[in-house]
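**Student:** just coords:
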């Protein structure tokens, strides 16, 4: 099947080479970081995780969100998602790969990564996270490749894949739950020490992930002859999932605000104050958090009303608003805010460096390359079938 | 000879698997024999639960603080990087207001708020860092000391997020050029690993008290909390001591004796 990714239009190859160029820049920056150390990033003794771990967190959510297609389609026989489900699985694979790469680039001693397997430590959430992420990657590769392979040969999906598909449903929930447990089980980090952290993670994932998927579907429709939603309303169904997931996400956030501010516990309030109003004169994240807040409400508003939701021009904008809002919240605010103030109640801010941005873009380009290749294969199979 | 490719590969695979398994059994056995040669040495200082009392009445001048900090940092090859972003510290000063974040009141005089306290790793009885570490590079010894294997640490910094005391530092850059004078008896660290106070396990082994305790002129009292006759136990059980963030359930092993004299 892979050979289908090796033939393509001029436009296809231009895009591939563009991605390779970004990857090269990212890789070069990573080599610099590797030889000097993580001192080249904005991270410090006080804010010891930054952009990389935040991207990891965000992307695990995107990966998990494939379940929003898999579950209705396979468990409830929701036929509308039939053509889209493979695109969801093929978004999950690159997302897991990217999240793993973000862990690697964040490590001080990446060559020792296999120590995690060599000295398995079931008391560490990091150990479990590695297990479930790797498992999820394998599950999706098997499911995606087998179902599409059967389709390409014109044969029915082999029966042995079904149990694996069912297994992938709770597994998707597990990857984001365990990722939330990385944060939610730490004493003394009050922004993270919340019982609804996993629920918030899942809600934001099921809003941002399918939003990205819908945008990809709209793109696929434009650049190929394959239509993932040939007038059956699959996209509109998924939009409703996005809408309610985002509403749940905002609701959960407000629950956090209530608990922190009504209880009036200083440690619980401090990081939220830092994020939305600034602390001790430090306000670097404030504009971002308010941008996220406004985009979240605008996005929800546009998606709630049928007139705007069904408008081909407005829908993508609304989805972009949802994605950016979630990205700021999870891909910046959550991780950095967790470290501010530090255990001594002092504020050390985090300033992203160019190296960090270049490495991050490089990893995203690797992910997009995987998406492009997998989508190319899937689309070619579908185009051939439609003919 | 009807050995086709598929069958050949399968057989070759089986032979390889057996071969590897065999080596594992042999090295496994050999490993066990060797391990018995490395039992804990009987000389040296031993305890069931090491703990420290910081007697604040003994810390009067700047020199009292600097002496213990310098003693630790020089014996452990702690680099002086000179900027707070990359900073590595095992033991240092933090003022009362920030060391005991939940035990302030707004009427405190500036001199009380700013009074420096010695802070270091608390060697918690329930250490969140040990729980977080995915490779057991940070581990708890039977005597309660939370120690580290710098060669196993992968630099994920999960322990830094987990520690509620800010006791851990990460080598954001190569520390070696910044060590004033290298002590050949203790390892220097490499780029990309976490480090912290180890209650001088390497000195206890030789029968010596921790470097900071030795230089503290009685300001730092070190001993076995499990032993009712030890000085630390006597102080902790009969005098008023405080610990940092006791509400988190970590059970810190560093106690601060604040009633021993006037703070200001």
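**Tutor:** Alright, I've got the coordinates. Everything quoted here is computed from the prediction, not taken from an experiment. Numbers count the residues shown, from 1 in each chain, chains lettered A, B, ... in the order given.

**Student:** From here on, just use CA atoms for contacts and neighbour counts.
**Tutor:** Will do.

**Student:** so residue A:344 touches residue B:99, yeah?
**Tutor:** Yes: look at residue A:344 against residue B:99 with CA atoms under 8 Å: they come within range, at 5.9 Å.

**Student:** between the two, which one's more packed in?
**Tutor:** Remark: of residue A:344 and residue B:99, residue B:99 carries more neighbours, 23 against 19, as counted by other CA atoms under 10 Å in any protein chain shown.

**Student:** quick one, phi/psi of that one?
**Tutor:** For residue B:99, the backbone dihedrals (degrees, to the nearest 10) come out as phi -80, psi -40.

**Student:** distance of it from chain A?
**Tutor:** Using CA to the nearest CA, to the nearest Å, residue B:99 is found at 6 Å from chain A.

**Student:** which residues does that residue contact?
**Tutor:** By CA atoms under 8 Å, 6 or more residues apart in numbering or on different chains, the contact list for residue B:99 reads A:344, B:117, B:119, B:244.

**Student:** how close does the spatially closest residue to residue A:303 that is not a sequence neighbour sit to residue A:79?
**Tutor:** Leaving aside its chain neighbours, residue A:303 sits nearest to residue A:309 (4.7 Å; criterion: CA to CA, 6 or more residues apart in numbering or on different chains). As defined by CA to CA, to the nearest Å, residue A:309 lies at a distance of 22 Å from residue A:79.

**Student:** same thing with residue B:48?
**Tutor:** For residue B:48, the distance to residue A:79 - CA to CA - is 65 Å.

**Student:** Check the contact between residue A:379 and residue A:224; I expect there is one.
**Tutor:** Yes: the pair residue A:379 / residue A:224 is scored as a contact, 7.5 Å apart, by CA under 8 Å.

**Student:** Please say which of those two ends up with more neighbours.
**Tutor:** Neighbour tally, residue A:379 and residue A:224, criterion other CA under 10 Å: the higher count belongs to residue A:379, 23 against 12.

**Student:** Please give me every residue in contact with that one.
**Tutor:** Contacts of residue A:379 by CA under 8 Å, 6+ apart are A:224, A:226.

**Student:** if I've got this straight, it is in a helix?
**Tutor:** Yes: remark: residue A:379 belongs to a helix, assigned using DSSP: H, G, I helix; E, B strand; the rest coil.

**Student:** Show the pLDDT at it.
**Tutor:** If you check residue A:379, the pLDDT there is 93.

**Student:** For the stretch 201-350 of chain A, what lies in contact range of chain B?
**Tutor:** Within the stretch 201-350 of chain A, the positions adjacent to chain B are A:339, A:342, A:343, A:344, A:345, A:346 by CA under 8 Å from any CA of the partner chain.

**Student:** OK, contacts around the second one?
**Tutor:** Just to be clear, that refers to residue A:342. Residue A:342 is in contact with A:46, A:47, A:348, B:166, counting by CA under 8 Å, 6+ apart.

**Student:** any idea whether the closest residue to the first one other than its chain neighbours is helix, strand or coil?
**Tutor:** Looking back up the chat, that one is residue A:46. The shortest distance from residue A:46 to any non-neighbouring residue, by CA to CA, 6+ apart, is to residue A:342 (6.0 Å). Secondary structure, three-state DSSP: residue A:342 is coil.

**Student:** and the gap between whichever residue of chain A sits closest to chain B and residue B:110?
**Tutor:** Residue nearest to chain B within chain A: residue A:108 (3.7 Å; CA to the nearest CA). With the distance defined as CA to CA, residue A:108 ends up 40 Å from residue B:110.

**Student:** which of these two has more neighbours?
**Tutor:** Neighbour count, other CA under 10 Å: between residue A:108 and residue B:110, residue A:108 has more, with 27 against 10.

**Student:** pLDDT value on that one, please?
**Tutor:** The model reports residue A:108 with a pLDDT of 96.

**Student:** same question, residue A:319
**Tutor:** At residue A:319, pLDDT is 97.

**Student:** Based on its surroundings, how many neighbours for the closest residue to it other than its chain neighbours?
**Tutor:** Leaving aside its sequence neighbours, residue A:319 sits nearest to residue A:211 (CA to CA, 6+ apart; 5.4 Å). For residue A:211, the count of nearby residues is 28 (other CA under 10 Å).

**Student:** Repeat that for residue A:50.
**Tutor:** Residue A:50: 25 neighbours (other CA under 10 Å).

**Student:** Next one, pLDDT for it please.
**Tutor:** So residue A:50 comes in at 96 (pLDDT).

**Student:** contacting residues around it?
**Tutor:** Residues in contact with residue A:50, defined by CA under 8 Å, 6+ apart, are A:42, A:43, A:332, A:335, A:336, A:350.

**Student:** Of those, select the buried ones using a PyMOL command.
**Tutor:** The PyMOL selection below is limited to those of these classed as buried (16 or more other CA atoms under 10 Å in any protein chain shown):
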select buried, chain A and resi 42+43+332+335+336+350
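
**Student:** Among the contacts of residue A:50, which lie within helices?
**Tutor:** A:335, A:336 (DSSP state H).

**Student:** Give me the lowest-pLDDT entry from the contacts of residue A:50.
**Tutor:** Among the contacts of residue A:50, residue A:332 has the lowest pLDDT, at 92.

**Student:** Tell me the spacing between that one and residue A:352.
**Tutor:** Counting by CA to CA - residue A:332 and residue A:352 are separated by 11 Å.

**Student:** any common contacting residues for the two?
**Tutor:** Common contacts of residue A:332 and residue A:352 (CA under 8 Å, 6+ apart): residue A:51.

**Student:** tell me the SS of residue B:222?
**Tutor:** Residue B:222 ends up strand, using three-state DSSP.
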